[in-house]
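Peer 1: Return a 3D structure for these sequence lines:
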Amino acid sequence: MKKINPIVRWWVTPMLPPEDIFAKHSPLSKWLFHPIKRRLARSYLKILQKFTDIKVIGITGSAGKTTTKEMLASILKLDGRTVCTPKNIDSVYSIPNTILITPPGTKYLILEMGVEYKGEMDFYFWMAKPDIGLITNIFPTHTQFLGDIEGVFKEKSKLVLGLTENGKAVLNFSDAKLKNLSGKLKSEIIWFNYDINPITQNANAAAALARVLGVSGDKIKKGLSGYKKPVHRLEIINHASGALILDDSYNSNPWAALSTLAYFNKLAKGEKIAVLGDMLELGTYDEGAHRELGKMVAKSNFKTVIGVGKSSKFLIEEVNTHSKGTQTFLFTEVEDAMPLVKRNLKKGASILIKGSRSIGLDKIVDALP
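Peer 2: Residues are numbered from 1 along each chain as shown. A predicted model of the protein is given here:
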């Protein structure tokens, strides 16, 4: 880790993790605009919280946080002016930007607090202290930087451990790590229920938090029915060829991949094809996680499994070992896999597409005729 000059550390704000300080970004944004924005956002939100009735909601978790945030925003907009962080932007940058565009009179401010490095949640709390914290789940994600699942839990659980006695923590009742927080928080805990369908589980989380805020059942139902699913996240596509495609190509981690696989197996009919990209930033968990996923894929009776990326070779090896009847292919680049995917577009086929964002499996979906 680079040694940080004390003046630099003070200027970029004391709580920002070193990895974020030296992340690739345009020099003006990194060293001038964003340090100023962070300080302005922190001061402005303190004013809003002191002189208005705004409720600040923080959402984190290993999977489902963006979908849950979008569902919650769809509900709360029916109850009052609501502002939330945008999709697909790093929380380090989206949180101050979102705070600064929050007008006086806003009733709900929803901040997605994605964690990649140790100390990021401390930085978020330095800038914005939530009244309510929601954690979707805890699984091995970003273990290259957070170490292991205990490291993931330690960092993400700061969201609710930092709440005051008047705060509310909305947690997943089926998550073993989160259940360990029972009796350890200053705030009240409200539990939401697990569901094998990740969309339903995210809806359970959003509804539970909305009820904490006193939102009526009618508004919750209307908000969830009017919610627009983010692209490339558990998106069911009825293709013109007659094929059913489950596009979950936005991101991936070990738990999310297994959860999506189980969901797909319930949806799929006819010939099943899987297009699976590497799960990134797993550190020492990399090979084991891909092999575990491969074993589960082998049990799922796929006709064809297409791996994309360097680590997918471990997944393909497991499929070859445990499912002799499955055709397997391995490509380094996503472009090389496209012709094979297109050849499998036909009536009665069900195609699962899942991988980490940097692998680029969304390009396959976007290129389908």
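Peer 1: SS state for Leu258?
Peer 2: helix (DSSP: H, G, I helix; E, B strand; the rest coil).
Peer 1: right, and it touches His290 too?
Peer 2: No: assessed by Cβ atoms under 8 Å, Leu258 is found out of contact with His290, at 11.8 Å. From N, CA and C alone the C-beta is placed, and that goes for glycine too.
Peer 1: Looking at the two, which one has more neighbours?
Peer 2: His290 (26 against 16; other Cβ atoms under 10 Å).
Peer 1: Quick check: can you list the domain ranges of this structure?
Peer 2: With automatic domain parsing as the criterion, the domains of the chain are listed as 6-225, 235-367.
Peer 1: Could I get the full set of helices for the stretch 251-369 of the chain?
Peer 2: Counting by DSSP state H, counting those that start in this stretch, the stretch 251-369 of the chain has helices at residues 254-267, 286-298, 312-322, 334-343, 362-367.
Peer 1: how far does stretch 55-70 stretch from start to finish?
Peer 2: Taking Cα to Cα, to the nearest Å, stretch 55-70 runs 16 Å from one end to the other.
Peer 1: again with stretch 152-171
Peer 2: With Cα to Cα, one end of stretch 152-171 sits 15 Å from the other.
Peer 1: in it, what counts as buried?
Peer 2: 152-163, 167-171 (16 or more other Cβ atoms under 10 Å).
Peer 1: Next: stretch 339-351.
Peer 2: Those would be 340-341, 344-345, 349-351, for stretch 339-351 by 16+ other Cβ under 10 Å.
Peer 1: same question, stretch 356-368
Peer 2: 356, 359-362, 364-365, 368.
Peer 1: so what pLDDT did Lys24 get?
Peer 2: Note for Lys24: predicted pLDDT of 68.
Peer 1: need the strands for the stretch 51-200 of the chain, in chain order.
Peer 2: All strands of the stretch 51-200 of the chain, identified by DSSP state E, counting those that start in this stretch, fall at 55-60, 82-84, 108-112, 132-135, 168-172, 188-192.
Peer 1: got a list of contacts for the fourth one?
Peer 2: The contact list for strand 132-135 (Cβ atoms under 8 Å, 6 or more residues apart in numbering) reads 55-61, 68, 72, 156-157, 159-160, 162-163, 167-172, 175, 178, 187, 205, 209, 212-213.
Peer 1: can you do 6 Å?
Peer 2: For strand 132-135, contacts defined as Cβ atoms under 6 Å, 6 or more residues apart in numbering pick out 57-61, 159-160, 163, 168-171, 178, 209.
Peer 1: And that strand, how far out from the chain middle?
Peer 2: 14 Å (Cα atoms, centre = their mean, to the nearest Å).
Peer 1: about what we covered before: now pLDDT too, for the contacts of strand 132-135, in CSV please.
Peer 2: Shown next, in CSV, are those (pLDDT from 0 to 100):
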residue, pLDDT
Ile57, 98
Gly58, 98
Ile59, 98
Thr60, 98
Gly61, 96
Leu159, 98
Val160, 98
Leu163, 97
Lys168, 98
Ala169, 98
Val170, 98
Leu171, 98
Leu178, 97
Leu209, 98
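Peer 1: Show me which of those is closest to Phe33.
Peer 2: Nearest to Phe33 among the contacts of strand 132-135 is Gly58, at 23.7 Å by Cβ to Cβ.
Peer 1: Nearest residue to that closest one in space, ignoring adjacent ones along the chain?
Peer 2: Closest residue to Gly58 apart from its sequence neighbours, by Cβ to Cβ, 6 or more residues apart in numbering: Pro130 at 3.7 Å.
Peer 1: I'd like to check which residues are in contact with that neighbour.
Peer 2: Neighbours of Pro130 in contact, by Cβ under 6 Å, 6+ apart: 56-58.
Peer 1: which residues in the stretch 51-200 of the chain form helices?
Peer 2: Taking DSSP H, counting those that start in this stretch, the helices of the stretch 51-200 of the chain run over residues 65-76, 91-100, 120-127, 143-146, 149-156, 158-161, 176-179, 198-212.
Peer 1: So which of those helices has the densest surroundings on average?
Peer 2: helix 65-76 (a mean of 25; mean count of other Cβ atoms under 10 Å).
Peer 1: same question for stretch 297-316, mean pLDDT?
Peer 2: Computed over stretch 297-316, the average pLDDT equals 97.
Peer 1: Now Lys266: closest residue in space that isn't a chain neighbour?
Peer 2: Ile196 (7.2 Å).
Peer 1: Any idea how many residues pack against that neighbour?
Peer 2: By the criterion of other Cβ under 10 Å, Ile196 has 11 neighbours.
Peer 1: Check the gap between it and Asp20 for me.
Peer 2: As defined by Cβ to Cβ, to the nearest Å, Ile196 lies at a distance of 35 Å from Asp20.
Peer 1: Likewise for Trp31?
Peer 2: 13 Å.
Peer 1: Can you read off the backbone torsions of Glu235?
Peer 2: Phi and psi for Glu235, reported as degrees, to the nearest 10, are phi -90, psi 120.
Peer 1: Let me know the secondary structure of the closest residue to it other than its chain neighbours.
Peer 2: Distances taken as Cβ to Cβ, 6+ apart place Asp247 nearest to Glu235, at 4.4 Å, with adjacent residues excluded. Here Asp247 is recorded as strand under three-state DSSP.
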